[in-house]
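S.K.: Sequence and predicted model, in that order:
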Amino acid sequence: MIGEESTNRQEFGCLPLQLVAILAAAGLVMAGCHKPITQQTPSLSVPGPVEHLAVVRGDNMIWLTWTMPHKTTDGHKIKTDITIQVCRREDISGTCTNAGDSFLLAPSATGSFSEMLPPELTSGPARALYYFVELRNSNGRSTGLTNSVWTVAGNGPSPIVEFTAVTHENGVLLRWKPSSSGDNPSDTVIRVYRRLLTSTRVAQAQLAEQKLLIELPGTFDHAVDNEVHVGSIYEYRVQCVGRVTVNKQTLESPGRFSLPIRIQVGSAGPSSAGLDKSD
């Protein structure tokens, strides 16, 4: 009996012999004296995904914008800067290629990123190009590629050439050479932008604002701005924008802006034009 009691005390550690006998009978004895552990889901403390992710392609440049999260995926407030890595790939799955170096942003900040597309993504047929914004905490833990936004890779529309402007009896006459080099005019539009540089008729705060003046089919080669004022100086730019359908969704691929043309509207008549094609 003494030998058995000694053996039992060694096997079950600090449990009293009487309790061991009761638990053994119930089939509930485990070796050692361990406290029960409540299972909990571990907190990864990774920053939540970005919000309002958007992309714009202009010529061969890409611009991304988004809003940084202020809480982790499990609801805790983020108190330190967050590491951002932007990557891209030509399909929704597969290897994501880093676009630039990683950088830091504060919680709730407005994020932005831009890059010039590499040559392999500015040639060939129109196709989807996906961008991801990956977030990492101070320990390097990541939310993964949780959300994406996509634009179009491939050939963009040709830039507008031979853009001119002269005053006209009805305003300012703008002319350009329609897009060529393989562009399909039925899949493009022409956008004319105007910025007011000087005027006695408007507040100073309005002068620097560039506005879309008119949008025309890609086959058009001229437009007339008849909402001008004598004595004012205007700056005009024109742009060809391609429209392509990828994955049953129509997206725009804006081409390069033309060089700006500045013109001063004098007294009525074409001979009063002051034309400046410099930057």
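M.R.: Nice, thanks for sending it over.
S.K.: With adjacent residues omitted, what lies nearest to the residue most central in space within the chain?
M.R.: Nearest residue to the geometric centre of the chain (Cα atoms, centre = their mean): L64, 2.3 Å. What sits nearest to L64 in space, not counting adjacent residues and going by Cβ to Cβ, 6 or more residues apart in numbering, is F113, at 4.4 Å. In short, each C-beta sits where N, CA and C put it, glycine included.
S.K.: so which strand or helix has the one you found?
M.R.: Element membership for F113 (DSSP states H and E) is strand 110-116.
S.K.: hmm, who's touching that strand?
M.R.: Strand 110-116 is contacted by residues 50, 60-68, 84, 86, 99-100, 105, 133 when judged by Cβ atoms under 8 Å, 6 or more residues apart in numbering.
S.K.: and of these, the nearest to N247?
M.R.: Distance to N247 across the contacts of strand 110-116 (Cβ to Cβ) is lowest for I62, with 18.2 Å.
S.K.: quick revisit: strand partners of the strand holding F113, parallel vs antiparallel please.
M.R.: Taking DSSP bridges as the criterion, strand 110-116 pairs within the sheet with strand 61-67 (antiparallel).
S.K.: packing partners for the helix or strand that comes right after the strand holding F113?
M.R.: The C-terminal neighbour of strand 110-116 among helices and strands, as given by DSSP H and E, is strand 127-136. If you count contacts as 3 or more Cβ pairs under 8 Å, 6 or more residues apart in numbering; DSSP states H and E, strand 127-136 packs onto strand 61-67, strand 82-89, strand 148-153.
S.K.: so the longest one versus strand 110-116, what angle?
M.R.: By that I understand strand 82-89. 40 degrees (axes from the mean of the first three to the mean of the last three Cα atoms, to 10 degrees).
S.K.: Restricting the selection to alpha carbons, write strand 82-89 to PDB.
M.R.: The C-alpha atoms that make up strand 82-89 are tabulated as PDB, following Å, rounded to 0.1, in the frame of the first residue of the first chain:
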ATOM      1  CA  ILE A  82       2.100  51.800 -41.200                       C
ATOM      2  CA  THR A  83       4.400  50.400 -43.800                       C
ATOM      3  CA  ILE A  84       2.900  50.400 -47.400                       C
ATOM      4  CA  GLN A  85       4.000  48.300 -50.300                       C
ATOM      5  CA  VAL A  86       2.300  48.800 -53.700                       C
ATOM      6  CA  CYS A  87       2.500  45.900 -56.200                       C
ATOM      7  CA  ARG A  88       0.900  45.100 -59.500                       C
ATOM      8  CA  ARG A  89       0.200  42.100 -61.700                       C
END
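S.K.: can you give me the offset of it from its chain's centre?
M.R.: 11 Å (Cα atoms, centre = their mean, to the nearest Å).
S.K.: mind listing what it pairs with, with the direction of each?
M.R.: Within its sheet, strand 82-89 is paired with strand 97-98 (antiparallel), strand 103-105 (antiparallel), strand 127-136 (antiparallel), according to DSSP bridges.
S.K.: Could you do the last one as well?
M.R.: Strand partners for strand 148-153, identified by DSSP bridges, are recorded as strand 127-136 (antiparallel).
S.K.: Any idea how far the strand it pairs with is from the middle of the chain?
M.R.: 9 Å.
S.K.: coming back round to it: closest one to I160 among the helices and strands packed on strand 127-136?
M.R.: For the helices and strands packed on strand 127-136, the distance to I160 is smallest for strand 61-67, at 16.9 Å, taking Cβ to Cβ.
S.K.: Quick one: residues in contact with that closest one.
M.R.: When contacts are defined by Cβ under 8 Å, 6+ apart, strand 61-67 is touched by residues 50-57, 86, 99, 108-117, 131, 133, 149, 151.
S.K.: Quick check: buried residues in it?
M.R.: 62, 64-66 (16 or more other Cβ atoms under 10 Å).
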